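Student: This is the structure alone, sequence omitted:
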């Protein structure tokens, strides 16, 4: 494994330390995970599946709220084509 040292602003370092502490991981683990996530093909179906399996896992009520929000944002089906109006 290659070792790389980078300089980052103090506020970014504190933010990274806070995330690592909350996840009970090392700062290095969190930084590497975040870099991997940035470099993945985020629009692919595989990326969506990976994201669904990674923490934080949603509660059933959060999933119900999301489903309701998606349903309320759907447009009604229009049987007429644009030229038939």
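Tutor: Received the coordinates, thanks. Just so you know, these numbers come straight off a predicted model, no measurement behind them. Residues are numbered from 1 along each chain as shown.

Student: Going by C-alpha atoms from here, please, whenever you check contacts or count neighbours.
Tutor: Fine.

Student: Following element in sequence after the helix or strand of the chain with the lowest mean pLDDT, please.
Tutor: None of the helices or strands of the chain scores lower by mean pLDDT, DSSP states H and E than helix 45-53, at a mean of 71. On the C-terminal side of helix 45-53, the nearest following helix or strand under DSSP states H and E is helix 60-72.

Student: Find the residue at the geometric middle of the protein.
Tutor: Closest residue to the average C-alpha location of the chain: residue 51 at 6.1 Å, with C-alpha atoms, centre = their mean.

Student: roughly how far is the helix or strand hosting residue 32 from the heart of the chain?
Tutor: The secondary structure element spanning residue 32 is helix 27-39 (assigned by DSSP H and E). Using C-alpha atoms, centre = their mean, to the nearest Å, the distance from the centre of helix 27-39 to the centre of the chain it belongs to is 13 Å.

Student: And what about residue 80, helix, strand or coil?
Tutor: Three states are possible here, and by DSSP: H, G, I helix; E, B strand; the rest coil the one that applies to residue 80 is coil.

Student: residues in contact with it?
Tutor: When the contact criterion is C-alpha atoms under 8 Å, 6 or more residues apart in numbering, residue 80 has no partners at all.

Student: distance of residue 44 from residue 24?
Tutor: 29 Å (C-alpha to C-alpha, to the nearest Å).

Student: repeat for residue 15
Tutor: From residue 15 over to residue 24 (counting by C-alpha to C-alpha), the distance is 14 Å.

Student: do the same with residue 10
Tutor: 21 Å.

Student: Equivalent analysis for residue 64, please.
Tutor: Following C-alpha to C-alpha, the distance that separates residue 64 from residue 24 is 29 Å.

Student: swap in residue 38?
Tutor: Computed with C-alpha to C-alpha, the distance linking residue 38 and residue 24 is 21 Å.

Student: What mean pLDDT does stretch 60-77 get?
Tutor: Mean pLDDT, taken over the full extent of stretch 60-77, equals 79.

Student: Run the chain-centre distance for that stretch.
Tutor: Shown here is stretch 60-77, whose average C-alpha point lies 19 Å from the average C-alpha point of the whole chain (C-alpha atoms, centre = their mean).
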